[in-house]
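In: next comes the sequence, and after it the predicted model I'd like to discuss.
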Amino acid sequence: MCSSRSTLGFQMERKQGEVDHLERSRPLTDKERVMIQDSWAKVYQNCDDAGVAILVRLFVNFPSSKQYFSQFKHIEDAEELEKSSQLRKHARRVMNAINTLVESLDNSDKVSSVLNAVGKAHAIRHKVDPVYFKILSGVILEVLGEAYPQVMTAEVASAWTNLLAILCCSINAVYEELGWPHLSNSTS
Ligand code: HEM
């Protein structure tokens with residue numbers, strides 16, 4: 001089990017209990033791995049559109065998550081957000097990192113090293129509160145469920161929930177190891 005307590009005022013943006021299922025993770029079964037890889041192949045065909053849809057939903061529904069992005073933190077309009085090159089670049093990076101994870105599900109060292117690098121960069125360089133990884137994960141599940149209803153059956157969605165719980169728990173562990181929220185400036 002892992003947890004991340006909010007230190008930010010985003011609670012008003014979030015429905016209580018919405019992403020609590022992302023607080024516990026367990027190893028993926030072989031069947032879950034296959035379901036994740038098959039469903040991701042369909043999503044990744046439309047990598048840019050899916051990534052941008054996910055991030056626009058994150059920033060519209062949870063506006064405080066924009067605070068870390070210098071180029072669009074003051075933009076509210078969804079269509080304008082969609083055009084932001086900084087948003088589009090981050091969408092591609094998120095999708096590519098998830099793609100690497102999905103391709104490496106049978107290589108736990110690789111999964112750990114990807115999540116370790118993402119966690120360290122976001123804690124030290126970008127100073128992102130780890131709770132946003134949980135919020136983003138909830139948004140990924142929501143948007144993929146809406147955009148790919150045929151693919152994201154209940155069983156497939158449950159496998160994805162487990163993968164994203166693993167992601168959130170690993171990122172939380174990295175933050176804890178680094179001493180978040182009391183990271184020293186000398187680490188940046
Ligand atoms: C699955 C989750 C995520 C992945 C895989 C991911 C991946 C990345 C990667 C690969 C980079 C570029 C390399 C770097 O500077 O570290 C990056 C940059 C960044 N990420 Fe994320 N990220 C994720 C979630 C988030 C969240 C939830 C936020 C904040 C709400 C965030 C904020 C940022 C910021 C501010 C940058 C720098 C952007 C820039 O310089 O233009 N990321 N991310």
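Out: Structure's in. What do you need?
In: and what about P149, helix, strand or coil?
Out: Of the three states, P149 takes coil under DSSP: H, G, I helix; E, B strand; the rest coil.
In: who touches the strand or helix carrying A97?
Out: Assigned by DSSP states H and E, A97 falls within helix 85-103. Contacts to helix 85-103, defined as C-beta atoms under 8 Å, 6 or more residues apart in numbering, come from residues 36-37, 40, 44, 47-48, 50-52, 54-56, 59, 69-72, 81, 110-111, 114-115, 118, 136, 163, 167. Yep, even glycine has a C-beta here, placed from its N, CA and C like the rest.
In: ditto for stretch 38-57
Out: Contacts of stretch 38-57 (C-beta under 8 Å, 6+ apart): 78, 81-82, 87-88, 90-92, 94-96, 98-99, 102, 136, 139-140, 142-144, 147-148, 151-152, 156, 160.
In: give the contact list for H182.
Out: Listed by C-beta under 8 Å, 6+ apart, H182 has no contact partners.
In: chain center to the longest helix along the chain, what's the gap?
Out: In the chain, with assignment by DSSP state H, the single longest helix is helix 154-178. In terms of C-alpha atoms, centre = their mean, to the nearest Å, the centre of helix 154-178 is found 9 Å from the chain centre.
In: and R88, how many neighbours does it have?
Out: For R88, the number of neighbouring residues by other C-beta atoms under 10 Å comes to 16.
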